[in-house]
Structures are given as structure tokens and as C-alpha cells.
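Asks: Build me a structure from this.
(one chain, ligands or ions: 2)
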Amino acid sequence: MIHAPRGIKDRVPPEEDQFLSLVSIAERYLQQAGFKKVGLPIFESSSLFTRSIGVETDIVEKEMYLFEDKGGEHFALRPEGTASLLRLAIQHHLIEPARITRLSYQGPMFRHERPQAGRLRQFHQVGAEILGSITPQDNIDLLVVIDSLARKLNLPGTTLFINNMGCAQCRPVFRKALVEYLSNNQSGLCTTCQKRTGTNPLRVLDCKVPDCQPIIEKAPSIIDFLCEISRSHYEEVCSGLRNLSIPFTVNHRLVRGLDYYTETTFEFVSNALGSQSTWAAGGQYDGLIGQLEGPDVSGAGFAIGVERLALLAEKAGTLPAPPTYSQDVSLLPLGENAIPLVQRLIRDSREAGISATGIFGATKIKQGFKQAERDGSRFLLIVGEDEIAKQELLLKDLLTSEQISLPLFPLTRLIEHIRTVRNQEKVSPVF
Ligand SMILES: [Zn+2]
Ligand SMILES: [Zn+2]
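Replies: Residues are numbered from 1 along each chain as shown. Ligands and ions are numbered 1, 2, ... in the order given. This is a model prediction of the structure:
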């Protein structure tokens with residue numbers, strides 16, 4: 001038997017409905033915040049990611065799914081959405097330097113990581129980016145959207161960590177001081193950190209190896225190196241969050257795994273899933289759009305990991321519940337004469353917005369009940385010789401066990417009845 005690849009999570013009914021409902025809830029929050037949806041391709045030229053995310057990052061070094069197509073071109077399954085979205089926005093001239101453009105996306109991302117709890121090789125993200133003349137207010141706005149969603153879903157154990165990564169002026173000064181400090185303390189660092197000291201020293205701050213911690217804790221802090229502009233940006237973000245009563249913790253070690261961040265970076269982390277897990281993250285990027293040959297403006301954005309969001313919502317009991325029934329009616333014809341009638345009823349019901357399937361293989365009522373249950377139907381409609389002779393339909397409500405007779409003609413009587421029951425309950429089936 002062929003199984004799904006490692007690190008892939010299949011979603012079976014009704015899980016997929018719940019998952020998509022959660023995606024729509026997140027999308028609704030983005031829509032309310034003015035983000036317009038774009039459709040991003042699943043794969044892009046691999047150079048897009050090496051140029052934007054950075055060559056010395058985990059994603060580009062180890063995690064990208066790369067392939068060469070029959071024409072010899074090199075592609076990568078997208079490992080994240082920002083680079084793709086910027087490529088699209090630049091290509092279609094959606095960015096206007098003096099204006100703000102707000103775009104959002106959703107879909108699967110791919111990273112060849114070691115599969116472990118809550119970490120998948122294909123995972124789903126909902127993300128948003130604000131492009132143009134970005135102010136600290138735009139960073140606050142992103143945080144407001146995620147915070148509102150977190151409160152709506154009552155997500156347990158969530159902390160917002162924020163940091164400021166500095167800008168093109170002050171970051172190099174900090175970087176130099178950090179490299180100097182790390183170079184003087186090489187013997188206490190793991191081999192990865194030793195290597196990164198020369199290639200991507202900020203990532204050393206991210207290291208989780210216990211032996212590295214004493215040295216990292218005493219490392220210079222970016223906040224002490226911020227220039228006037230970055231410092232006021234940082235303070236404005238903090239005071240905006242206080243004004244909105246959004247709790248946050250400053251974490252000077254929060255550098256994110258990607259090269260392109262400047263000024264604000266942030267992570268929403270929950271401890272409710274066993275270990276600390278980040279379910280939403282993002283920040284500002286000043287040079288990236290120009291680097292991808294777009295206008296010289298900034299951007300800021302975030303991505304939400306939907307699988308982790310689902311686990312947290314499930315824990316909180318706020319994951320959209322599967323409907324009590326997933327289909328309106330199953331129709332059971334008993335005898336040759338009933339088939340043409342049932343065929344018409346199925347088509348007319350569907351066209352009237354009622355979900356319906358026929359049970360054509362069954363010869364006994366008991367089989368019909370079993371199949372209707374399997375269909376997830378609210379009603380079972382039985383049409384046999386008796387019913388045709390009496391010109392009536394026998395409708396069984398599988399939820400209440402009630403049984404009612406409806407006149408056979410007009411056929412719309414059945415549709416009206418099912419609609420009425422559905423509206424009374426205000427539970428609409430997923431289809
Ligand atoms: Zn600065
Ligand atoms: Zn280390």
C-alpha cells in the first residue's frame with residue numbers, strides 16, 4: 001500500500017470542513033482589516049527564495065523542495081508566502097510608493113524539516129502583507145488582527161513576543177559588536193553557532209543548544225544599538241500595544257529565521273501544546289522589495305500556521321464544530337418503478353440547494369438506513385410500490401426518528417419541507 005509522504009497530514013471528513021472553516025475565519029479577519037486576496041503559485045523559480053530569504057538560512061540551506069523541470073528550469077515548492085507575494089505584487093505593479101497596499105494569501109507551504117509534533121512538511125498558512133510607506137502603526141495593525149483572532153478563538157497560553165531588529169543604519173553596528181563578542185567566545189559555542197558567527201551571526205541568538213545559553217545570554221542586545229529612528233519606531237510600537245491593552249513581552253533574542261526582517265519582528269507563541277510553539281509570526285522588511293527589483297519601499301506582514309491554530313482552537317473548544325449532519329437527504333427507491341421518480345427528485349433537490357444522493361444498490365429498507373447513516377443524511381426518503389400507489393412520499397427524520405408522509409405531487413413539497421426544517425434549526429449543512 002502506498003502511504004502519504006512523511007510529514008504530510010491527510011485530512012478526512014469532517015476534519016477538512018473544520019479546517020477550511022478555520023481558514024475562512026482567519027480570512028474574514030484579514031478581509032475586515034482591508035486585505036485583498038491574491039492567489040499565489042505553489043512553485044516559483046528557486047532563485048526567488050535564495051535571493052529573498054537568504055542563502056545562509058535553514059530554509060534555503062536544508063529545507064527547500066527543489067526540482068528541475070523537463071525544460072531544465074530550477075524551481076522550488078514555496079517554503080513561505082512573503083517572497084511569492086512580493087514577486088506577484090512587483091510583477092503586476094501593485095505597489096505604489098506613496099500609497100499603502102494590503103494583500104493576503106492562504107495555502108500550503110513546503111519545508112523538508114524533521115517531522116515532529118506540530119511540524120509538517122506540507123503545512124497551511126494564512127498570511128498578510130502591508131506594502132508601501134510603512135509606519136509603526138502598520139506593525140501595530142498587524143498585531144491587532146492576530147490578537148483579535150486569538151481572543152475570538154480563546155487560544156490558550158499565548159504570549160506575544162516582540163523585538164526590533166534595527167535598520168540599515170544601526171543593524172550593521174550591532175552585527176559588528178555581536179560578531180566580535182561571539183568570536184571571543186567561540187570555545188563555548190556549538191559547532192553550528194561557530195559556523196554562523198561568520199555567516200549569519202544573528203541566528204546564533206536563536207540557538208536552543210543548552211551549552212550555548214550562558215554565552216548567548218550575555219551577548220550584546222540589539223536594543224542598546226538602535227539608532228534614533230529605530231528606537232522611536234520600537235517605542236511607538238510598544239506604546240501602541242499598551243494603548244490597546246495587548247499584552248507583550250520584549251525578547252531581544254527574537255531574530256526570526258529569515259534574513260529580510262528589519263525593525264519590528266514578532267511571534268505569537270503558545271505553551272498549550274506541550275512545548276513552546278509559534279503559531280503566528282512576522283515583522284517588517286525594508287530592503288526586500290527593492291532587492292527583488294520592486295520599488296524602494298518597505299513592507300510588513302505575518303503568517304499564521306493553520307495546523308497549529310487548529311490544535312490550539314481544538315484545545316480551547318473553539319474549533320468550528322462539524323455539523324450534526326452533512327447531507328440533507330438520501331433517497332431509497334424500492335422497485336423498478338420508483339427509479340425514474342427518484343432520479344428526478346435527486347436532480348430537482350440539488351438544483352433547489354438541497355444536498356441529495358440516491359441509494360440505488362439496496363433492496364431492503366434496512367440497507368437504506370445504513371447507507372443514509374453513512375451519507376450523514378438528516379432524512380431518508382423511501383419510495384416504493386406502496387408509496388407510488390398512494391401517491392405519497394415517506395420521509396424519515398433520522399435525527400428525531402419522526403416519520404411523515406408528504407403528497408407525491410408536486411415534487412417541490414419535499415424540498416419545501418426539508419428547507420423548513422433546516423431553517424428552523426439554523427444549522428446548515430456544509431454543502
Ligand atoms: Zn536604525
Ligand atoms: Zn549554539
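
Asks: surely Asp147 meets Leu155?
Replies: No: using Cβ atoms under 8 Å, Asp147 is not in contact with Leu155, being 10.1 Å away. C-beta coordinates here come from the backbone N, C-alpha and C atoms, glycine included.

Asks: residues contacting Cys227?
Replies: Gly166, Cys167, Gln169, Cys170 (Cβ atoms under 8 Å, 6 or more residues apart in numbering).

Asks: Please apply the same query to Ile216.
Replies: Neighbour list for Ile216: Val204, Leu205, Cys207, Arg253 [criterion: Cβ under 8 Å, 6+ apart].

Asks: Go again with 6 Å.
Replies: With contact set as Cβ atoms under 6 Å, 6 or more residues apart in numbering, Ile216 has these partners: Leu205.

Asks: pLDDT score assigned to it?
Replies: The score at Ile216 is 93. That number is its pLDDT.

Asks: for it, helix, strand, or coil?
Replies: helix (DSSP: H, G, I helix; E, B strand; the rest coil).

Asks: Please report how far it lies from ligand 1.
Replies: 22 Å (Cβ to the ion, to the nearest Å).

Asks: Check Thr278 too.
Replies: 25 Å.

Asks: ok, that residue touching Ser270?
Replies: No: using Cβ atoms under 6 Å as the test, Thr278 is too far from Ser270 to be in contact (8.2 Å).

Asks: who's more crowded, these two?
Replies: Ser270 (22 against 16; other Cβ atoms under 10 Å).

Asks: looking at this, that one is in a strand?
Replies: Yes: Ser270: assigned to a strand according to three-state DSSP.

Asks: Can you go through the contacts of Cys227 and name the buried ones?
Replies: Buried subset of the contacts of Cys227 (neighbour count, 16 or more other Cβ atoms under 10 Å): Gly166, Cys167, Cys170.

Asks: quick one: the nearest residue to the last one once chain neighbours are set aside from Arg171, how far?
Replies: Of all residues beyond its chain neighbours, the one nearest Cys170 is Cys227 (3.9 Å), with distances taken as Cβ to Cβ, 6 or more residues apart in numbering. Counting by Cβ to Cβ, to the nearest Å, the gap from Cys227 to Arg171 is 9 Å.

Asks: Can you pull the domain assignment for the protein?
Replies: 15-170+226-316, 327-425 (automatic domain parsing).

Asks: mind giving me JSON lines with those domains and columns for mean pLDDT?
Replies: Output for the domains of the chain, formatted as JSON lines (pLDDT from 0 to 100):
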{"stretch": "domain 15-170+226-316", "mean pLDDT": "94"}
{"stretch": "domain 327-425", "mean pLDDT": "92"}
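
Asks: what about the ones you listed, which gets the closest to ligand 2?
Replies: Shortest distance between ligand 2 and the domains of the chain, using Cβ to the ion, is found for domain 15-170+226-316: 12.1 Å.

Asks: Can you check the distance spanned by the closest one, start to finish?
Replies: Taking Cα to Cα, to the nearest Å, the span from the opening residue of domain 15-170+226-316 to its closing residue is 17 Å.

Asks: Please, where are all the strands along the stretch 1-150 of the chain?
Replies: In the stretch 1-150 of the chain, the strands defined using DSSP state E, counting those that start in this stretch lie at 36-37, 43-45, 66-68, 74-77, 100-110, 122-132.
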